[in-house]
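Visitor: just a sequence and a predicted model for now, questions to come.
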Amino acid sequence: LATAAQFRLLVHQMDVRTAFLHGDLHEEIYMEQPPAYISKDHPTHVCKLVKSLYGLKQSPRQWYERFTTCMLHLGYIRFQSDPNVYCRNSTNVILLLAIYVDDILILSNSNDVLSKAKSELHASFSMQDMGALHYCLGIQVFQDHSHGHIRISQQSYVESLLTKYNMSTCKGVSTPLPISLKIKTSSSTTTPTSDMVAFPYANILGGIRYLVTCTRPDICFAANFLSRYMQAPSPIHTQHLKRLLRYLQETKDFGITYSANQPLLKPFLTCYSDADWGGDEETLQSTSGYVYLLSSGAISWQSKKQERVTLSSTEAEYVAMTLALKEGIWLKHFLKETTLYPDHPLLLRCDNMSAIMLAKNLKHSELTKHIAMKLQFTRELLHDGNIEIVHVRTDEQWADFLTKSTQKTKHYESCNHIGLKSSNH
């Protein structure tokens, strides 16, 4: 969708009716006769399947194989970086197609090409044309082609989540978690209380995870932090989870806006990478965080506790940079396959000068030999011109809220700079 905003593409949606029934079977599979259709002459016979059915383990794969075969026959090229995305671009014509199970998105800069693609799909499968994309997989999409804006939000999903857990009338708060978080696993209890039964901790976090994945990087750290205590949450953990729901009540209309940059920025793909050294007071492990921006909006983000204790802030930041670059290389390859973007290096912004110098300095050091593979990975990317690493001031590090709980002002500044705003802005 960020690409659609940048190149002002039309985005339409189609739905495949009974998708799994289109798959062809390669194995011999038999089933009992359906209760209402038992043969009077051969009541003990079984039916041999010639097509896949819902409920078969093979059905999803057979449907995907059938769809891919059809796309390749129609002249589409399947992406190597994401096998669920196809393109059929030509001179001055853009046509991209993405599929998730039975939901299909078609992106093009031409109404005629869009109509032709739909007709081809109608001829191959039983399809339903949903028109311009407005709602897909729980995500609301608002398109403004005249200004080159596309906004995605999950306000309806947030409202239904709050209603489900009796928090729809709660008073909102301005940040997901308090600044000071001094919680240890030892404070957890294994004895379920009546409050814990009435307020299912794990189920609520599961619902919040979908928000984190799709449109809400601002609650990524909070959700990951609270997930550490999912096994045996105590009243203090439940209290913090309720605070997170109260924050969602306050910001339920937040969404990410993608805007066309004219001309295309160079570099067009930017990453902010940060680490909170020794942030976990119990294990002293650090937390890595990164966010990638394209078309002035966040397209990928992660907050993750590092696997090992790091011995310095430089080392923690370098481990975070490595995590970010693994995602960045994939994103760069994906965007290259669209044939719409030039082959520019991705830009990584880090607020630790020592970590940047470590990446650019090929000198061997006894202090960093235990992370030699991470060092070599980043140095090779720099040497080949695939990435650029630049320093950014700490007060302009917009990935900061992915590594720890921040003050209200910094939290909303970070949201604003990654395109996450209220619908009123």
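Guide: Sure thing, it's come through. Numbers count the residues shown, from 1 in each chain.

Visitor: now the end-to-end length of stretch 279-299.
Guide: 26 Å (C-alpha to C-alpha, to the nearest Å).

Visitor: which SS class is Gln231?
Guide: Following DSSP: H, G, I helix; E, B strand; the rest coil, Gln231 is assigned to coil.

Visitor: distance of it relative to Tyr201?
Guide: From Gln231 across to Tyr201, the span is 10 Å (C-beta to C-beta, to the nearest Å). (Each C-beta comes from the backbone N, C-alpha and C, glycine too.)

Visitor: same thing with Ser414?
Guide: 27 Å.

Visitor: low-scoring pLDDT stretches of the stretch 301-425 of the chain, where are they?
Guide: 362-373, 375, 425 (pLDDT under 70).

Visitor: ok, 90 please
Guide: Flagging of the stretch 301-425 of the chain using pLDDT under 90 yields the residue ranges 306-319, 339-345, 352, 354-387, 405-406, 422-425.

Visitor: just the helices in it please.
Guide: Assigned helices in the stretch 301-425 of the chain, in chain order: 313-337, 353-360, 372-383, 408-417 (criterion: DSSP state H, counting those that start in this stretch).

Visitor: return the helix or strand in this structure with minimum mean pLDDT.
Guide: Lowest mean confidence among the helices and strands of the chain (mean pLDDT, DSSP states H and E): helix 194-198, at a mean of 60.

Visitor: where along the stretch 51-200 of the chain do the helices fall?
Guide: Under DSSP H, counting those that start in this stretch, the stretch 51-200 of the chain gives helices at 59-73, 111-124, 155-164, 194-198.

Visitor: I'd like the next helix or strand past the shortest one.
Guide: In this case it means helix 194-198. helix 201-214 (DSSP states H and E).

Visitor: can I get that next one in PDB, CA atoms only?
Guide: Taking Å, rounded to 0.1, in the frame of the first residue of the first chain, the C-alpha atoms of helix 201-214 are listed here in PDB:
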ATOM      1  CA  TYR A 201      -4.600 -12.300  30.000                       C
ATOM      2  CA  ALA A 202      -3.300 -14.500  27.200                       C
ATOM      3  CA  ASN A 203      -6.400 -14.200  25.100                       C
ATOM      4  CA  ILE A 204      -6.300 -10.400  25.300                       C
ATOM      5  CA  LEU A 205      -2.700 -10.300  24.400                       C
ATOM      6  CA  GLY A 206      -3.400 -12.600  21.400                       C
ATOM      7  CA  GLY A 207      -6.000 -10.100  20.200                       C
ATOM      8  CA  ILE A 208      -3.500  -7.200  20.700                       C
ATOM      9  CA  ARG A 209      -0.800  -9.000  18.700                       C
ATOM     10  CA  TYR A 210      -2.800  -8.700  15.500                       C
ATOM     11  CA  LEU A 211      -2.900  -4.900  16.000                       C
ATOM     12  CA  VAL A 212       0.900  -4.900  16.600                       C
ATOM     13  CA  THR A 213       1.400  -6.900  13.400                       C
ATOM     14  CA  CYS A 214      -0.700  -4.700  11.100                       C
END
